[in-house]
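# pasting a predicted model and its sequence here:
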Amino acid sequence: MVEIKFNHKICDTIDEESGETYLPKNGSYTKPILLNDIPLVERPVRNFVQMMDNGKRTGVDGLDYSFWNGCTYEDIDYKKYLVAFPSAISADVVYHDICEFLCDYFPNIFYYSEMSGSEKGFHFIFYFCVKKTEKNWKMCKAISTYVIKYAFYACGYSQEIDYKGVWDDCANTIYQPCFITKKKGVIYDKCNGDVMPILNEHRYDIERVFNRMFNNFIPRESNYKREDWEITWKREKDVEGYVGYYEHSQRRAIFYSLSGLCGDNQELLDSEWNYVANHLEQANGHDTNYYEHIPYRGDWNRKRTGKEYVNRKLLEDFGYKIEFKYIGENKYENKKTNSIRKEKVYI
């Protein structure tokens, strides 16, 4: 298991008037320690942590990227969605689904997860075994940003992650603190920091995120509507027997991907899901009858819009062939614009 040290300080001095905790000043002493050594504390006491290991609170003055510990973090304030939608899926279920997905699909970089102090939000830390430079930090931050959005969409939580205030995907800074709670915290021992498999498979999507975050470049795709895309699909072949066992979050991603294909045709969706359910391996107490009915017993079907993210890779396992074609108006045709030079970024 990779062992990583983080700048840490217990903040237990409280302002009597405001009730807020005093945080360490820039340049003041912190102690680089392992996550396992960070204690469980309760508010207003806080665990101040930075993704650095130089033993002092780091700010913009004297910033040295060589002291970066190789980690980035993502802070998801799911509590704001629950306030707006009190009957939404519980934070515990969302946390379980996202962690399960990240373990399955991005185990090399998924290092740590925990719930926030309210236990209605989440902290995710990712580790990258790369040279400690500013460019690499920016690229790794773009990767963790992309991975979190990808995970929430794939698990059927696009509405939740996109709700105002739940997650800010704009670029933060390398010295921005994270307040570790240790609540339901898990360190994942499969993490080794090897980022190349992710870059090889998702390079162009990650570069778009990088350019938007750090090069002030807005990709054309952000101006397109879902209605501008034509999705054609068919079951190229009906698979025989069981395709394999799929975890809860993967099953939900499959259902929402089928919803994205079937749109408002409920009868077609029911038929396609029935086909998939009969090819899911029966395990962990789940039989085919369970698979067939779970979208309707829960709120999967009730919450669907017919415009969900389509995970082509998952559906291809079941014999689907899916193609995307842009059919909207070309807003850029016959317009003379200055080209934007984008820096190619590599780890």
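That came in fine, so what should we check first?

# from the rest of the structure, what touches the helix or strand residue 93 falls within?
If you go by DSSP states H and E, residue 93 is part of helix 91-105. Helix 91-105 is contacted from outside by 78-79, 82, 110, 113, 115, 119-122, 124, 147, 151-152, 154-155, 157, 160, 184, 186, 188, 190, 247-250, 252-253, using CB atoms under 8 Å, 6 or more residues apart in numbering. C-beta coordinates here come from the backbone N, C-alpha and C atoms, glycine included.

# just the mean pLDDT for that helix, thanks.
Across helix 91-105, pLDDT averages out at 96.

# packing partners of the host helix or strand of residue 141?
Per DSSP H and E: residue 141 is located in helix 134-154. The helices and strands touching helix 134-154, judged by 3 or more CB pairs under 8 Å, 6 or more residues apart in numbering; DSSP states H and E, are strand 71-76, helix 91-105, strand 122-127, helix 158-162, helix 196-214.

# just the buried residues of whatever helix or strand comes next after the last one, please?
For helix 196-214, the succeeding helix or strand toward the C-terminus, using DSSP H and E, is strand 229-235. By 16 or more other CB atoms under 10 Å, the buried positions in strand 229-235 come out as residue 233.

# what helices or strands is strand 229-235 leaning on?
Right, strand 229-235 is packed against helix 248-262, strand 320-326 by 3+ CB pairs under 8 Å, 6+ apart.

# any idea which of those scores lowest on pLDDT?
The weakest mean pLDDT among these belongs to strand 320-326, with a mean of 84.

# other SSEs contacting that strand?
strand 229-235, helix 312-316.

# tell me the pLDDT of residue 192.
Residue 192 carries a pLDDT value of 96.

# could you shift the numbering so residue one becomes 37, and keep it that way?
Will do, 37 is the new start, and the previous item becomes residue 228.

# so it is in contact with residue 165, correct?
Yes - Residue 228 is within contact range of residue 165, at 6.7 Å (criterion: CB atoms under 8 Å).

# ok so, going back, could you dump the helices and strands packed on strand 356-362 into JSON lines with mean pLDDT and distance to residue 308 added?
Compiled in JSON lines, the helices and strands packed on strand 356-362 are given as follows (pLDDT from 0 to 100; distance: least, CB to CB, whole Å):
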{"stretch": "strand 265-271", "mean pLDDT": "85", "distance to residue 308": "8"}
{"stretch": "helix 348-352", "mean pLDDT": "85", "distance to residue 308": "9"}
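
# residue 337 is nearest to which of the ones you listed?
Relative to residue 337, the nearest member of those by CB to CB is helix 348-352, separated by 17.6 Å.

# among the helices and strands packed on strand 356-362, which is nearest residue 122?
Residue 122 sits nearest to helix 348-352 of all these, at 30.8 Å, using CB to CB.

# output the contacting helices and strands for that closest one.
helix 284-298, strand 356-362.

# run the chain-centre distance for the helix holding residue 177.
8 Å (CA atoms, centre = their mean, to the nearest Å).

# buried ones in it?
Here helix 170-190 shows 171-190 as buried, counting by 16+ other CB under 10 Å.

# OK, contacts around the spatially most central residue of the chain?
Nearest to the centroid of the C-alpha atoms of the chain, with distances taken as CA atoms, centre = their mean, sits residue 184, at 1.1 Å. Neighbour list for residue 184: 110, 112, 160, 197, 203, 205 [criterion: CB under 8 Å, 6+ apart].

# pretty sure the second one is touching residue 157, no?
It refers to residue 112. Yes - here residue 112 reaches residue 157: they are 5.7 Å apart, a contact under CB under 8 Å.

# tell me which of these two has more neighbours.
residue 112 (26 against 23; other CB atoms under 10 Å).

# how many residues are close by the closest residue to that one other than its chain neighbours?
Computed as CB to CB, 6 or more residues apart in numbering, the closest residue to residue 112 that is not its neighbour in sequence is residue 158, at 4.4 Å. Using other CB under 10 Å, residue 158 is surrounded by 22 other residues.

# list the contacts of residue 158.
111, 112, 114, 127, 130, 131, 134, 149, 150, 151, 152.

# tell me the contacts of the closest residue to residue 91 other than its chain neighbours?
With CB to CB, 6+ apart as the criterion, residue 91 has its nearest non-adjacent residue at 5.5 Å, and that residue is residue 68. Counting by CB under 8 Å, 6+ apart, residue 68 makes contact with 41, 42, 43, 44, 89, 90, 91.

# at 7 Å what do you get?
41, 42, 43, 89, 91 (CB atoms under 7 Å, 6 or more residues apart in numbering).
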